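Asker: test case, fold it:
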Amino acid sequence: MDSKYEVVIGLEVHVQLTTNTKIFCGCSKDFGQEPNSQTCPVCLGLPGALPVLNKQVVEYAIKTGLATNHSITPRSIFARKNYFYPDLPKGYQISQFELPICQHGWLDIETEESGKKRIGITRIHMEEDAGKLIHTDGNSSAVDLNRACTPLLEIVSEPDMRSAEEAIAYLKQLHQIVTYLGVCDGNMEEGSFRCDANVSIRPWGQEEFGTRAELKNLNSFRFIKQAIEYEVERQIDVIEDGGKVVQETRLFDPDSGVTRSMRGKEEAHDYRYFPDPDLVPLVVSEDWVERVRAELPELPAAKIRRYSEQLGLSEYDAGVISAERPTADYFDALVTLYPNAKICANWVMGEVSRALNENAIAIADCPVTPELLAGVLGRIEDNTISGKIAKTVFEEIWSSGGSKTADQVIEEKGLKQVSDTGAIEAILNEIIAANQGQFEELKGGKDKLMGFFVGQVMKASKGKANPAMVNELMQKKLAE
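Answerer: Take a look at the predicted model:
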C-alpha cells in the first residue's frame with residue numbers, strides 16, 4: 001500500500017440469533033425450509049398485524065453487550081427504517097436508532113503489525129432481517145420471506161481499524177464471543193454472521209476522514225480481507241489519478257477479487273427514521289442486567305488467562321484449546337478427572353482432534369468422552385500401558401462407539417504393559433546377542449544406538465515392554 005495514506009475502517013456486523021422463533025412473531029426461523037413456508041401476517045406485513053417482541057432476543061442482546069463491555073440502556077425504543085425493496089414486505093424495517101439497547105463498548109485485539117489495540121464499538125441494536133430475493137433466470141426474480149422478521153443484532157464499530165489485518169482480528173474475536181455465548185451459530189455461509197465494511201483513506205496526519213465506500217456481500221474472513229485490500233488500492237488509484245472517491249455501496253465479487261459499484265450510499269436521514277408506534281419502549285431493569293451477567297459463561301480471554309496462569313499451559317496451547325467453546329468444555333471436564341493439564345491438552349489437540357477431523361464430527365459427538373479418556377490416561381500413569389499402546393486403546397474405544405472402557409479394551413486385547421524385569425531382560429539379552437557389534441559401538445560412546453536397542457525390544461514385545469524399564473536395564477548392561 002502507498003505509504004502516503006492511512007486506512008480507516010469501521011465494521012457493521014449482523015449477527016443472526018439462535019432463538020427458536022422470530023423477533024416479532026411465533027414463526028420458526030429454521031434455515032433451508034420451503035420458500036414462504038415459515039411466514040404469518042406479522043412477518044408478511046399484512047394490514048392490522050401487530051408485532052410482539054421476543055423476550056429471548058432482548059436477553060441475547062444484553063448478554064452480547066455485557067460480553068463486549070457495553071453499557072445497557074435502561075430505556076430503549078424501536079424505530080421504523082423506511083426504504084423500498086422487494087424483499088421488505090412492510091416497506092420498512094423495524095430496527096433501533098436513537099436509543100439502542102447497548103452503547104459504548106470495546107474489544108481488545110492483537111496483531112503482529114500493530115500489537116495490542118482497543119477497538120471501540122459504538123452500539124449494538126436489535127432489528128429484524130429482510131426476506132431474500134431468488135434470481136431464477138435472466139428475466140425474473142422470486143421472493144422468499146422465510147427470513148423476514150428473523151432476529152438480528154447489528155454491532156457497529158468505531159472507525160478505529162487501520163488495516164485489513166486489524167479488521168479480521170476484530171471480526172474473529174467477535175465471532176468467537178457470540179458463538180461462545182450461544183447467541184449465534186456463527187455460520188458465515190448461511191449468513192448467520194455477516195459483515196459490511198466501511199473503508200476510506202486519508203493522507204497521513206490528516207484528522208478529517210476521507211470519503212468512505214461500504215463493502216457488502218462479505219461472507220468469509222478471507223473475502224473480507226481481500227475486499228478491504230482491493231478497495232484501499234482502488235481508492236488510492238482514484239486519488240492519485242486526480243479523481244475523487246464517491247460515497248457509495250459496493251459489492252465484492254469473490255471470483256474476480258474486485259469491488260463494483262452497487263448504489264449511492266444512503267445517510268440516516270434518507271431512511272426517515274421515526275419511533276415505531278406499534279411497539280412500546282423497552283425498559284431493562286438493573287436486576288435483569290445483573291441476572292444475565294451472572295449467567296455469562298467464562299469467555300475466551302478469561303479461559304486463556306486461567307489455562308496459562310493456573311494450569312501452566314503455554315499461551316499457544318491455551319489459545320488452541322479455548323478457540324471453540326465445545327473443545328474448551330471437553331478439556332475442562334477432562335482436566336477435572338485427570339489433573340495434569342499439559343497431558344490433557346496434548347491428547348485433546350492430538351489424538352482427539354485427529355480422530356474428529358478424520359471422521360468429520362464435532363467434539364460434542366466424540367464417542368471417547370472425557371470420562372473414557374481419563375481412564376486411558378490413568379492407565380498410562382500407573383504403567384498398565386505405554387503411551388504408544390494408549391493410542392491403540394483410544395482407537396478401540398472410539399470404534400466401540402464409547403461402549404468400552406480402557407480397562408475392558410486392555411483386558412480383551414491383552415495390551416497390559418510388561419513390567420516383569422526378568423521377561424524384559426530375557427528379550428534384551430536376545431537383542432544384544434543378535435547385535436553384538438552395535439552394542440560394542442554403543443558402549444564405545446555411540447549414544448544414538450540406544451534408540452535402536454530400545455526400539456528392537458519394543459518391537460519384539462509388540463509394544464508391551466515398559467519403556468522406562470527397558471532404558472534402566474540397558475544402562476545396567478552398559479555399566480557391566
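
Asker: so where's the stretch 1-150 of the chain shaky on pLDDT?
Answerer: 1-2 (pLDDT under 70).

Asker: can you give me the strands in it?
Answerer: Secondary structure of the stretch 1-150 of the chain (DSSP state E, counting those that start in this stretch): strands at 5-16, 71-72, 75-76, 79-82, 92-95, 102-111, 115-128, 132-135, 141-144.

Asker: burial of residue 118, as a residue count?
Answerer: Residue 118: 11 surrounding residues under other CB atoms under 10 Å. Backbone N, C-alpha and C define where each C-beta goes, glycine included.

Asker: report the separation between it and residue 105.
Answerer: Look at residue 118 and residue 105: by CB to CB, to the nearest Å, they are 11 Å apart.

Asker: cool, and residue 310?
Answerer: Relative to residue 105, and taking CB to CB, residue 310 is found at 27 Å.

Asker: more neighbours: which of those two?
Answerer: residue 105 (22 against 9).

Asker: name the helix or strand for residue 178, please.
Answerer: Assigned by DSSP states H and E, residue 178 belongs to helix 164-181.

Asker: other SSEs contacting that helix?
Answerer: If contacts are counted by 3 or more CB pairs under 8 Å, 6 or more residues apart in numbering; DSSP states H and E, helix 164-181 sits against strand 5-16, helix 55-67, strand 102-111, strand 115-128, strand 193-203, helix 221-240, helix 300-309.

Asker: contacting residues around residue 155?
Answerer: Residue 155 sits next to 12, 13, 14, 15, 64, 68, 121, 123, 124, 174 when contact means CB atoms under 8 Å, 6 or more residues apart in numbering.

Asker: could those residues go into TSV alongside distance to residue 32 and neighbour count?
Answerer: TSV is the format used below for those (distance: CB to CB, whole Å; neighbours: other CB atoms under 10 Å):
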residue	distance to residue 32	neighbour count
12	26	16
13	23	23
14	19	17
15	19	28
64	25	25
68	30	20
121	31	24
123	31	21
124	27	25
174	25	26
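
Asker: which helices and strands does the helix or strand containing residue 439 pack with?
Answerer: In the assignment (DSSP H and E), residue 439 maps to helix 436-443. Contact partners of helix 436-443 among helices and strands, from 3+ CB pairs under 8 Å, 6+ apart: helix 449-460, helix 467-479.

Asker: please identify the most buried of the ones you listed.
Answerer: helix 449-460 (a mean of 17; mean count of other CB atoms under 10 Å).

Asker: using PDB, write out every CA atom in that one.
Answerer: Only the C-alpha atoms of helix 449-460 are listed here, as PDB (Å, rounded to 0.1, in the frame of the first residue of the first chain):
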ATOM      1  CA  LEU A 449      22.300 -46.600  19.100                       C
ATOM      2  CA  MET A 450      20.400 -46.500  22.400                       C
ATOM      3  CA  GLY A 451      17.300 -45.800  20.500                       C
ATOM      4  CA  PHE A 452      17.900 -48.700  18.200                       C
ATOM      5  CA  PHE A 453      18.100 -51.200  21.100                       C
ATOM      6  CA  VAL A 454      15.100 -49.800  22.900                       C
ATOM      7  CA  GLY A 455      13.100 -49.900  19.600                       C
ATOM      8  CA  GLN A 456      14.100 -53.500  19.000                       C
ATOM      9  CA  VAL A 457      12.900 -54.500  22.500                       C
ATOM     10  CA  MET A 458       9.600 -52.700  22.000                       C
ATOM     11  CA  LYS A 459       9.200 -54.400  18.600                       C
ATOM     12  CA  ALA A 460       9.900 -57.800  20.000                       C
END
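
Asker: residues making contact with that helix?
Answerer: 388, 424, 427-428, 430-432, 435, 438-439, 441-442, 465, 467, 470-471, 474.

Asker: ChimeraX command to pick out the buried ones of the residues you listed?
Answerer: Listed next is the ChimeraX selection for buried residues among those, using 16 or more other CB atoms under 10 Å:
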select :424,427,428,431,432,435,438,439,442,465,467,470,474
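
Asker: let me see the contact set for residue 349.
Answerer: By CB under 8 Å, 6+ apart, the contact set of residue 349 is 317, 320, 321.

Asker: check for me that the first one belongs to a strand.
Answerer: No - secondary structure assignment places residue 317 outside any strand; it is helix (DSSP: H, G, I helix; E, B strand; the rest coil).

Asker: right, and it touches residue 344 too?
Answerer: No - in this structure, residue 317 is not within contact of residue 344 by CB atoms under 8 Å, at 10.1 Å.

Asker: more neighbours: which of those two?
Answerer: More neighbours surround residue 344 than the other of residue 317 and residue 344, with 27 against 21 (other CB under 10 Å).

Asker: returning to what we had before: would JSON lines of the helices and strands packed on helix 164-181 with distance to residue 47 be doable?
Answerer: JSON lines is the format used below for the helices and strands packed on helix 164-181 (distance: least, CB to CB, whole Å):
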{"stretch": "strand 5-16", "distance to residue 47": "28"}
{"stretch": "helix 55-67", "distance to residue 47": "24"}
{"stretch": "strand 102-111", "distance to residue 47": "33"}
{"stretch": "strand 115-128", "distance to residue 47": "18"}
{"stretch": "strand 193-203", "distance to residue 47": "31"}
{"stretch": "helix 221-240", "distance to residue 47": "40"}
{"stretch": "helix 300-309", "distance to residue 47": "47"}
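
Asker: quick check: which of those is nearest to residue 271?
Answerer: Checking these against residue 271 by CB to CB gives strand 115-128 as the closest, at 11.9 Å.

Asker: for the record, mean pLDDT for the helix or strand where residue 389 lies?
Answerer: Using DSSP H and E, residue 389 sits within helix 387-399. Mean pLDDT, computed over helix 387-399, is 94.

Asker: hmm, who's touching the helix or strand following that helix?
Answerer: Next helix or strand after helix 387-399 toward the C-terminus (DSSP H and E): helix 406-413. Here helix 406-413 makes contact (CB under 8 Å, 6+ apart) with 372, 375-376, 378-379, 384-385, 392-393, 396-397, 400, 404, 415-416.

Asker: no more questions from me, cheers.
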